[in-house]
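# predicted structure and sequence below. I'll ask about it afterward.
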Amino acid sequence: QVQLVESGGGLVQAGDSLRLSCTLSGATFTRYVMAWFRQTPEKEREFVATIGRNNPGIPPNTIYEEGVKGRFNISRDNDRNTVYLQMNGLKPEDTAIYYCAAGGRFTESSTYYTYWGQGTQVTVSS
């Protein structure tokens, strides 16, 4: 079956960086749009970033939530079946459980993502 396994979360201070990884198994990675979402106890799951499928010679499209633009970078390594989220300049409000997701549509809506990881905790202290 399809599995997504995240790693890379942790406790850091404001201004620090973290890189989250998410590896897909049980399916063909290149077929999927990949995304990151996050959730806190106070909020519903919210979109963070998404990256489209690779087309030969063309970098994949990306979309970012406004609050992370310029600080976060999503990328994918098709040889490793892995999507990354490089997070720089972390703020306390970035504290959340981060989930990666795989789906068939390039969208910010969680509705269209079929497969989800178990989540990885990111905590940013002030």
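Structure received. Numbering: from 1, shown residues only.

# now the end-to-end length of stretch 54-66.
23 Å (C-alpha to C-alpha, to the nearest Å).

# and if you look at stretch 110-126?
End-to-end distance (C-alpha to C-alpha), stretch 110-126: 29 Å.

# chain center to it, what's the gap?
7 Å (C-alpha atoms, centre = their mean, to the nearest Å).

# swap in stretch 109-126?
7 Å.

# got it, and stretch 105-120?
9 Å.

# tell me the mean pLDDT over that stretch?
For stretch 105-120, mean pLDDT is 97.

# find the residue at the geometric middle of this protein.
Among the residues of the chain, the one closest to the centroid is residue 36, at 2.5 Å (C-alpha atoms, centre = their mean).

# who's residue 63 bridged to?
Judged by DSSP bridges, the bridge partners of residue 63 are residue 50.

# let me know the secondary structure of residue 67.
helix (DSSP: H, G, I helix; E, B strand; the rest coil).

# for burial, what's the neighbour tally of it?
Per other C-beta atoms under 10 Å, the neighbour tally for residue 67 reads 13. In this view, the C-beta of every residue, glycine as well, is placed from N, C-alpha and C.

# count the residues that sit near the residue lying closest to it once chain neighbours are set aside.
In space, residue 67 comes closest to residue 93 once its chain neighbours are excluded; the distance is 7.8 Å by C-beta to C-beta, 6 or more residues apart in numbering. Around residue 93 there are 11 other residues, counting by other C-beta under 10 Å.

# likewise residue 115?
Residues near residue 115, counting by other C-beta under 10 Å: 17.

# ok but it is inside a strand, no?
Yes: judged by three-state DSSP, residue 115 forms part of a strand.

# and it, how far from residue 2?
5 Å (C-beta to C-beta, to the nearest Å).

# helices along the chain, start to end?
Taking DSSP state H, the chain contains no helices at all.
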